[in-house]
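>>> need the 3D shape of this:
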Amino acid sequence: MQARRIMAVGWSSFLAACVLEFLVFAFLDPGEIQWFGQALHPGRQAVYALSFFGFWAVTALSSALAVLLTLTSAELNLLPPEQQE
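Numbers count the residues shown, from 1 in each chain. So this is what the prediction gives:
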């Protein structure tokens, strides 16, 4: 059951990161991004990759929190299945 939850978090956060990547870079050109008035040195591919993994990390954290909030007290306290309600 634990592996199933991990896969649900990983897959749903991956899809959400894909959508975020599409939406952000549909309106933003990575070649024109500036940081405190200075152009970013990494190329476009690096900006795409780093932002995707950043989006994935944030959405994975959000999905994991949602799964955590759905756990029962017995699951949180790691009771064996026969002692759970």
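>>> and the helices in this protein, which stretches?
Here the chain has its helices, by DSSP state H, at 2-27, 44-70, 73-76.
>>> buried ones in the first one?
Think helix 2-27. Residues of helix 2-27 classed as buried by neighbour count (16 or more other C-beta atoms under 10 Å): 5, 9, 12-13, 16-17, 20-21. Where you see a C-beta, it was placed from the backbone N, CA and C, and this is true even at glycine.
>>> list the contacts for Val60?
For the record, residue 60 is Ala, not Val. By C-beta atoms under 8 Å, 6 or more residues apart in numbering, the contact list for Ala60 reads 9-10, 13.
>>> what distance do you get for it to Phe53?
According to C-beta to C-beta, to the nearest Å, Ala60 and Phe53 sit 10 Å apart.
>>> for Leu71, same thing?
Look at Leu71 and Phe53: by C-beta to C-beta, they are 27 Å apart.
>>> follow-up on the earlier one: would you list the buried residues of helix 2-27 in TSV and tack on distance to Phe27 and pLDDT?
Output for the buried residues of helix 2-27, formatted as TSV (distance: C-beta to C-beta, whole Å; pLDDT from 0 to 100):
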residue	distance to Phe27	pLDDT
Arg5	34	88
Val9	28	93
Ser12	24	94
Ser13	22	96
Ala16	18	96
Ala17	17	96
Leu20	12	96
Glu21	12	95
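>>> what is the burial count for Ser62?
As a burial measure, Ser62 scores 13 neighbours (other C-beta atoms under 10 Å).
>>> which residues touch it?
Listed by C-beta under 8 Å, 6+ apart, the contact set of Ser62 reads Ser13.
>>> before we move on, back to that, for Pro42, state which of the contacts of Ala60 is nearest.
Among those, Ser13 lies closest to Pro42 (C-beta to C-beta), at 23.6 Å.
>>> what residues are up against that closest one?
Contacts of Ser13 were listed using C-beta under 8 Å, 6+ apart, and they are 56, 59-60, 62-63.
>>> how about the helices of the chain in CSV, adding distance to Phe36?
Compiled in CSV, those are given as follows (distance: least, C-beta to C-beta, whole Å):
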stretch, distance to Phe36
helix 2-27, 20
helix 44-70, 16
helix 73-76, 44
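>>> much appreciated, bye for now.
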